[in-house]
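Asks: Dropping the sequence and predicted coords here.
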Amino acid sequence: MSSVLDLARPELRRLRPYTAGAYEPDCIRLNANESPWRLPGDKSERGLNIYPPPRPFDLRAALARYYAASEEELLVTRGSSEAIDVLIRGFCRAGEDGILICPPTFDMYRLYAGIQGAEVVTVPLSERDDFALDADRVVRAAGEHTKIVFICSPNNPTGGSIPRPRIEAICDALAGRALVVIDEAYHEFANAESCLHLRESYEHVVLLRTLSKCVALAGARCGALIAAPEVIEFLGGVLPPYTFPTPSTELVLSALVEDSLRVSDERIALIKRERQRLAAAFLDLPAVTKVYPSDANFLLVRTRDAQAFAEAARQADILIRLFPAEPALADCVRITVGRPRDNDRLLQAVAGVEWIDES
Ligand SMILES: Cc1ncc(COP(=O)(O)O)c(C=O)c1O
């Protein structure tokens with residue numbers, strides 16, 4: 001019977017996993033060549049002198065509850081960036097297999113594929129249509145050696161969500177042919193429903209989530225890869241043991257409690273209100289030609305002169321993002337929605353931006 005793991009690198013499926021040393025809290029540890037003493041000032045619960053567990057099991061349980069998944073369906077990663085890396089390493093043979101992406105999109109898919117020696121097939125989003133994704137073209141372009149199709153929804157840097165029927169059409173068409181990885185890094189800022197439940201119908205669907213955006217923990221580097229248990233078990237053999245640091249585990253566990261999650265929810269609601277206010281204010285500026293619809297914590301803004309726009313922001317000590325390497329975004333800037341006072345300051349800074357009219 002065929003399995004989703006038939007898509008994985010066969011030589012990795014045969015690789016013997018690493019056997020971790022036993023951990024028993026009540027025993028003296030003379031089995032892992034660690035220091036027997038804590039460093040002065042080490043206030044961590046576990047002690048930083050000893051290795052973390054091979055996988056952060058408590059954190060996995062907490063994240064599984066948070067995302068309403070089972071523990072067997074979840075792999076904790078150092079940010080969802082590491083999840084992208086481990087997927088490509090696990091499924092793409094260098095020089096033989098590849099991934100498919102829909103640019104402009106998150107650039108790390110391309111980067112990790114390049115590092116692994118995997119080919120990158122591109123099906124650009126339609127610029128004329130607010131960067132819409134053409135599901136039929138994606139399905140047609142996915143070739144025999146395409147092992148992973150990345151769908152970023154809401155998409156970075158364009159901001160829009162991919163409509164559910166298009167995602168499902170791709171999942172239907174690619175069953176048994178490729179993994180469909182749905183990157184929901186910005187989902188919490190969207191009004192659309194998450195695609196998390198699609199994994200119940202499709203064993204080749206993988207979801208990526210992160211605490212970097214919505215829970216204010218970018219510095220803790222905590223992401224989650226959610227997929228069928230056999231995919232998680234296989235990737236658990238690709239991701240080396242002991243990678244998730246003890247301080248991050250303890251910090252994230254202390255943050256995933258009702259009080260701080262309520263604060264996060266309030267802030268998400270504020271970001272969504274500010275996103276709307278900023279979009280309306282940008283549209284009133286003579287230097288702006290378009291503000292793309294956004295379901296994320298940023299706005300993609302088309303300007304008459306992106307350099308001049310960014311320079312005006314820089315004059316007020318504000319950094320915004322340009323895309324010099326992406327022709328479709330040559331005139332665009334990506335602006336993260338900040339605190340209301342930061343947003344006011346930006347609006348003031350760009351109000352008088354002038355541009356060279358080349359018409
Ligand atoms: C679409 C998307 N996916 C994944 C990531 C990676 O986030 P992290 O590694 O912080 O979880 C980002 C970061 O900006 C992103 O924009």
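Replies: Yep, that arrived. Numbers count the residues shown, from 1 in each chain.
Asks: Get me the contact residues on the chain for the ligand.
Replies: 79-81, 106, 152, 156, 183, 185, 210, 212, 218, 223 (CB under 6 Å from any ligand atom). All C-beta atoms are positioned from the backbone trio N, CA, C, and that covers glycine.
Asks: Please list only the buried members of the residues you listed.
Replies: 79-81, 106, 152, 156, 183, 185, 210, 212, 223 (16 or more other CB atoms under 10 Å).
Asks: hmm, back to that, can you flag which of the residues of the chain next to the ligand belong to helices?
Replies: Those of those mapping onto helices are 79-81, per DSSP state H.
Asks: okay if I get the residues you listed as CSV plus pLDDT?
Replies: Output for those, formatted as CSV (pLDDT from 0 to 100):
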residue, pLDDT
G79, 98
S80, 98
S81, 98
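Asks: Could you point out which of the residues you listed is nearest to the ligand?
Replies: Closest approach between these and the ligand, by CB to the nearest ligand atom: G79, at 2.5 Å.
Asks: just checking, the closest one touches G219?
Replies: No: between G79 and G219 there is no contact under CB atoms under 8 Å: 10.1 Å.
Asks: Which of the helices or strands spans L235?
Replies: Using DSSP states H and E, L235 sits in helix 229-238.
Asks: for that helix, which positions count as buried?
Replies: 231-232, 234-235, 237-238.
Asks: And stretch 243-254, by the same measure?
Replies: Quick answer for stretch 243-254 (16+ other CB under 10 Å): 244-246, 248-253.
Asks: still on that earlier bit, please produce TSV containing the buried ones among the residues of the chain next to the ligand, extended by distance to L346.
Replies: Putting those into TSV (distance: CB to CB, whole Å) gives the following:
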residue	distance to L346
G79	27
S80	27
S81	27
F106	23
C152	25
N156	19
D183	27
A185	23
T210	25
S212	22
G223	29
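Asks: can you dump the C-alpha coordinates of stretch 79-99 into CSV?
Replies: What follows is stretch 79-99 as a C-alpha-only set of coordinates in CSV (Å, rounded to 0.1, in the frame of the first residue of the first chain):
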residue,chain,number,x,y,z
GLY,A,79,11.0,28.8,14.5
SER,A,80,9.0,27.7,11.5
SER,A,81,12.2,28.5,9.4
GLU,A,82,13.7,25.3,10.7
ALA,A,83,10.5,23.4,9.8
ILE,A,84,11.0,24.5,6.2
ASP,A,85,14.6,23.4,6.3
VAL,A,86,13.9,20.0,7.7
LEU,A,87,11.0,19.3,5.2
ILE,A,88,13.3,20.1,2.3
ARG,A,89,16.1,18.1,3.7
GLY,A,90,13.8,15.2,4.4
PHE,A,91,12.0,15.1,1.0
CYS,A,92,14.3,16.4,-1.6
ARG,A,93,17.4,14.6,-2.9
ALA,A,94,20.1,17.0,-4.0
GLY,A,95,20.3,17.4,-7.7
GLU,A,96,17.2,15.3,-8.3
ASP,A,97,14.1,16.6,-6.5
GLY,A,98,12.6,20.1,-6.1
ILE,A,99,10.0,22.3,-4.6
